[in-house]
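Asks: Sequence plus the predicted model coming up.
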Amino acid sequence: MQGPETPKPVCPRPSSPVPTLNLTTYETIASINRDVVRHRLLCGAKPPKSALADPFILLYDGVYYAYGTGAGSGIEVWTSRDLSTWERAKGNARDGLALHRTDVWGEKWFWAPEVYRLNDKFYMYFTAEEHICVATSDSPLGPFVQETRQPMIADEKCIDNTLFIDDDGRAYMYFDRFNDGLNIWVVELEDDCTTLKKETMRPCIHVSQEWEKVWPRVNEGCFVIRRNGTYYMTYSANSYESPFYGIGCATADSPLGPWTKYDCNPLLQNPGELVGVGHSALFRDKAGNLKIVFHAHKSKGAIHPREMYITDVRFRPVEGGCRMEIDPGYSPALIAE
């Protein structure tokens, strides 16, 4: 016996009419895109998410720029005004990328970019063919170019270089070395933020906690900030392919260490429906709030393409100082079409 017909869901109209296409400002376009995404959500549809691994977010001149691993021939860039809806930006390098392999050392494996504005230029720290590199541009959209096409450490494979500039102006680079598995080291940089002071190179952290030993021996993808005289390092452990990839934290009284890991690690692992959570970076939004961006697996059954998520970071007072906490209530980076 056939039951009563299930009524079809009524798809509500957007809260405001779609403007005519005499669009002249980025803000107007972004407003329309947000309304389209909101409309899809009300209809029960799932807007696509930004497929960006090893993500990093730069806020510059009122626009958020997201860079990450994904393009085979370089580094792509996405933009947003609100951290919720994102658009694939047209970069100024070849093929619409922010960085293209024809402008730098290396032919493949362009990973984990980070972009900073220094000395009226934009510096991109990135990995190519498992070597750490740096390139510069006059625009956050690129093209990022190396005047001298070579890695920062030519005679050794290293990945995941990140920049930290202390309050006294000294610059440090943290990166991953392939010894005893994969672990995190630091080196001080010259004033040009590209030349290594090799005599200062030293280890920071390695696999040492039980949660980090699932598969294989990996501490990687760190990011460092300073708050009230304490240095905080977020890092990821286990393979990025593992569903138990997660984010931990270590602290120090100096950017060169020694570093002490939280005994309550991981701070973020398998929140909600996500698995394979990690390779994060910290940033501040337009209101000055501290945020963290990270990637997760496409689903519990598929790793790729990894997708970008954002959540809040807080500091809770504890005996002897403050403890970093990562809010498990993440938000996806939705694509505005």
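Replies: It's in. Since this is a predicted model, take the numbers as computed values, not measurements. Numbering: from 1, shown residues only.
Asks: surely Tyr125 meets Phe164?
Replies: No - counting by CB atoms under 8 Å, Tyr125 stays clear of Phe164, with 10.9 Å between them. For the C-beta atoms, the positions are set from N, CA and C on the backbone; glycine is no exception.
Asks: Same drill for these two, tell me which one is more crowded.
Replies: Neighbours were counted for Tyr125 and for Phe164 using other CB atoms under 10 Å; Tyr125 has more, 23 against 20.
Asks: just to revisit the earlier point, what residues are shared contacts of Tyr125 and Phe164?
Replies: Met173 (CB atoms under 8 Å, 6 or more residues apart in numbering).
Asks: Could you pull out the helices in the chain for me?
Replies: Using DSSP state H, the helices of the chain run over residues 26-42.
Asks: Show the low-confidence segments of it, by residue range.
Replies: Where the chain drops to pLDDT under 70, the residues are 1-46, 337.
Asks: which residue is nearest the centroid of it?
Replies: By CA atoms, centre = their mean, the chain has its centre lying nearest to Pro55, at 2.4 Å.
Asks: List the residues that contact that residue.
Replies: Residues in contact with Pro55 (CB under 8 Å, 6+ apart) are Ala66, Tyr67, Gly68, His279, Ala281, Val293, Phe294, His295, Met308.
Asks: Pick out whichever of those sits closest to Arg323.
Replies: Comparing the contacts of Pro55 against Arg323 with CB to CB places Phe294 closest, at 18.9 Å.
Asks: Can you measure across stretch 150-157, start residue to end residue?
Replies: Criterion CA to CA, to the nearest Å; first-to-last residue distance in stretch 150-157 is 13 Å.
Asks: Would you mark the buried spots in it?
Replies: Pro151, Met152, Ile153 (16 or more other CB atoms under 10 Å).
Asks: And the residues you listed, which is closest to Arg177?
Replies: Out of those, the member with the shortest distance to Arg177 (by CB to CB) is Ile153, at 9.2 Å.
Asks: need the contact list for the residue nearest to Ala128 when sequence neighbours are not counted.
Replies: Among residues not flanking Ala128 along the chain, Gly106 sits closest, at 2.9 Å (CB to CB, 6 or more residues apart in numbering). Neighbour list for Gly106: Ala128, Glu129, His131, Cys133, Pro151 [criterion: CB under 8 Å, 6+ apart].
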